[in-house]
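J.: Quick one: sequence plus predicted model below, questions after.
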Amino acid sequence: MGDLHSNQIINYITRPNPIIIEIGAYRGDDTAIMLEIPNSRIISVEPDPRNLPHLKLLKNRYSSFTVIEKAISDKDDQEVEFYLSELREDPDQANFSSSIMKPKLHLSQHPRILFNKMCKVPTISLDKLYNDMDLNIVDFIWADVQGAEHLMIKGGLNALKNTKYLYTEYSNEEIFENEANLGQLQEMLPFMSVVQDYNNNVLFKNNLL
């Protein structure tokens, strides 16, 4: 069973001016696809300083695109340790596994990806982002937060109650220390139901909207 692809988000859009929040944008590969959705407003959150230049190039092309240079967490305006991932044979690649969560089983399951460096990054909660951007209904959240899913939800319950769909990665093992499994995420989201479990990615639908 394949994952949901970013070009399929349009199948879940019903409003003429959709708002999409992308959490963990990497270098903007999925972002560029989302920006092609007609009349869309895209808000991307990305803390890895190595990925930000790629997103800023997109920002120069799309006025409806906003980049938040922070990590999503349950706390606002904190400086936290950020574990930087890199490919063993090419340190300029594999910037897609970096996390505010300490890697655990990731180290043995993906030995080519190293976490030898750290940096400090600022945090923002999903609720503060929602309020700061003066949002109402969010059509879709596309989240890849590398083990911090429970922190995203804990700090974003109001935003999520006003979000139609949430697509997020998850693991039933501790790929990163103390990450929540799917059952625990479902308990945190009693107002959402699972549309599709893609085995380590899941699509939730808001039952309130």
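T.: Now that the structure is in, tell me what you want to look at.

J.: use CA for all of it now, contacts and neighbours both
T.: Noted.

J.: neighbouring contacts of the strand ranked longest in the chain?
T.: The strand that spans the most residues within the chain, counting by DSSP state E, is strand 113-125. Contacting residues not belonging to strand 113-125 are listed as 47, 69-88, 94, 98, 103, 107, 152, 155-156 [C-alpha atoms under 8 Å, 6 or more residues apart in numbering].

J.: Likewise for stretch 40-57?
T.: So stretch 40-57 is in contact with 17-28, 31, 34-35, 64-72, 84, 95, 98, 121-122, going by C-alpha under 8 Å, 6+ apart.

J.: So which of the residues you listed belong to helices?
T.: 31, 34 (DSSP state H).

J.: about what we covered before: okay, the longest strand of the chain in PDB with CA atoms only?
T.: C-alpha atoms of strand 113-125 as PDB (Å, rounded to 0.1, in the frame of the first residue of the first chain):
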ATOM      1  CA  ILE A 113      21.900   8.300   8.400                       C
ATOM      2  CA  LEU A 114      24.000   9.900  11.200                       C
ATOM      3  CA  PHE A 115      23.100  12.300  13.900                       C
ATOM      4  CA  ASN A 116      26.500  13.600  14.800                       C
ATOM      5  CA  LYS A 117      25.700  17.300  15.000                       C
ATOM      6  CA  MET A 118      23.200  19.400  16.900                       C
ATOM      7  CA  CYS A 119      22.100  23.000  16.800                       C
ATOM      8  CA  LYS A 120      19.600  25.200  18.700                       C
ATOM      9  CA  VAL A 121      16.300  26.100  17.000                       C
ATOM     10  CA  PRO A 122      13.300  28.200  18.200                       C
ATOM     11  CA  THR A 123      10.000  26.500  18.700                       C
ATOM     12  CA  ILE A 124       6.400  27.400  18.100                       C
ATOM     13  CA  SER A 125       3.200  25.600  18.900                       C
END
